[in-house]
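Q: Fold the following.
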Amino acid sequence: MLSILDRYFLRELGQTVGATVIVLLVIMAGTSFAQVLEQVAKGSFPASVMFQVLGLRMIDSLSTMLPLAGFLGVLQSLGRMYRESEMHVLASSGMGMGGLLKPMSIVAVMMIAMVAAISMWGGPLASRTSDNLVAAANRSVIAAGLDAGRFTELPGKGGIILVDYLSRDGEKLGNTFLAAERQNRDGTYTMKMATGKNGHLFYNSDGSNRYIALFTGWQYEIPLGGDNWRRMQYTRNDSALSSIQSDDAEDPIHNLDMIDLMHNNTPDARAEFAWRTIVPMMTLALLMLALPLSRQTPREPRYGRMLIAALGFFLYNNLMLLCRGQLAKGHWHHPFPMWMLSFALFLLAAWAFRNQYAARKVRKKAIA
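A: Sure, this is the predicted structure:
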């Protein structure tokens with residue numbers, strides 16, 4: 001049974017942590033949106049799936065963002081209580097260390113459960129879904145916004161296409177006009193135009209390149225700046241569309257589920273498995289660290305502790321990323337240093353929090 005004081009702490013902590021999560025989500029959404037727009041411009045995937053990819057990437061990033069949000073939210077909520085002397089009044093009324101640990105334990109269990117679920121299951125699932133969505137979209141010209149009777153620019157500077165009929169799956173075309181600019185080996189450019197009575201879209205086995213097969217038509221090759229035009233009639237003409245540019249940040253290991261990671265003994269897989277399992281412990285250590293850091297006097301600068309906390313988080317997070325890099329490079333074969341670092345931070349924070357409630361020793365006056 002929760003007391004009135006426990007419910008008050010839970011309400012204050014929940015509101016502040018929730019507000020911090022929303023603020024960080026908005027900041028992270030802006031950064032992710034810029035990256036997605038850059039990849040759309042490069043032709044990595046069509047604009048029609050841009051917002052779906054953005055949402056899935058935001059879900060994947062929650063495993064990194066939630067520990068920071070919980071850390072800053074608890075720090076801000078308890079810091080306000082200290083500045084307004086609420087904690088001092090409660091302490092003078094007999095509330096000891098246990099009165100704060102009970103609601104904090106409930107918050108910690110909820111945060112750790114969410115972080116563990118996202119890092120071990122939700123994040124990889126969202127990443128796999130995003131990659132499958134992009135792959136399926138790139139296999140069809142209909143995802144590029146192609147519409148019958150309208151000129152459409154293909155992704156990745158693949159040219160201009162016009163059709164008078166388009167099937168629902170986007171693979172069968174009616175009368176088709178295709179124009180694309182190609183760079184020759186000598187650095188010159190040639191405009192290639194082709195017409196066909198009908199056609200269809202296909203791609204190679206790995207899905208990395210797309211082609212349009214046009215039937216019964218004419219092809220024109222016009223060197224830009226030259227007068228040696230070529231015209232030929234064909235029965236079938238396969239024209240390559242723009243290659244699907246791979247995303248440099250794509251990590252196939254990150255898309256694996258936990259069972260596959262456990263059976264994969266490569267350094268990258270060991271590093272990914274260690275990171276997914278250590279993130280809940282990182283959340284616990286940060287929430288414990290927020291308790292002693294939140295204590296402040298009414299005259300203390302409002303965001304002074306917040307600055308110290310932010311610097312501490314980035315130092316701790318960078319050290320953990322450094323350990324992960326050593327695992328990924330094969331220099332280390334066990335994530336023991338990552339666990340020791342997190343456990344040491346938790347013990348240090350618990351010791352500092354305990355000393356806040358320890359009775360002060362009475363100083364004895366020296367007898368002259």
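Q: helices or strands up against the longest helix seen in the chain?
A: Assignment by DSSP state H gives helix 4-42 as the longest helix of the chain. If you count contacts as 3 or more CB pairs under 8 Å, 6 or more residues apart in numbering; DSSP states H and E, helix 4-42 packs onto helix 50-83, helix 97-117. For every residue, glycine as well, the C-beta is placed using N, CA and C.
Q: strand partners of the helix or strand bottoming out on mean pLDDT in the chain, parallel vs antiparallel please.
A: Lowest on mean pLDDT, DSSP states H and E among the helices and strands of the chain sits strand 152-153, with a mean of 76. Take DSSP bridges as the rule and strand 152-153 pairs in its sheet with strand 160-163 (antiparallel).
Q: Run through who's touching the partner strand.
A: 141, 146, 148-154, 173-180, 212 (CB atoms under 8 Å, 6 or more residues apart in numbering).
Q: re earlier: list just the one of the helices and strands packed on helix 4-42 that sits closest to residue 217.
A: Residue 217 lies closest to helix 50-83 among the helices and strands packed on helix 4-42, at 33.3 Å (CB to CB).
Q: and that closest one with helix 4-42, angle?
A: If you take axes from the mean of the first three to the mean of the last three CA atoms, to 10 degrees, helix 50-83 sits at 150 degrees to helix 4-42.
Q: Please point out which parts of helix 50-83 sit buried.
A: For helix 50-83, the neighbour count (16 or more other CB atoms under 10 Å) marks 50, 53-54, 56-83 as buried.
Q: Identify whichever of the helices and strands packed on helix 4-42 lies nearest to residue 185.
A: For residue 185, the closest of those is helix 50-83, at 34.3 Å, according to CB to CB.
Q: List the residues that contact residue 6.
A: By CB under 8 Å, 6+ apart, the contact list for residue 6 reads 102, 103, 106.
Q: What's the PyMOL syntax to select whichever of those are buried?
A: Remark: buried members of these, expressed as a PyMOL selection using 16+ other CB under 10 Å:
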select buried, resi 103+106
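Q: Out of the contacts of residue 6, the closest to residue 25 would be?
A: Closest to residue 25, out of all of the contacts of residue 6 and judged by CB to CB, is residue 106, at 22.8 Å.
Q: For the closest one, give me the pLDDT.
A: As summarised for this prediction, residue 106 has a pLDDT of 92.
Q: could you measure it against residue 10, distance?
A: Distance of residue 106 to residue 10, given as CB to CB, to the nearest Å: 6 Å.
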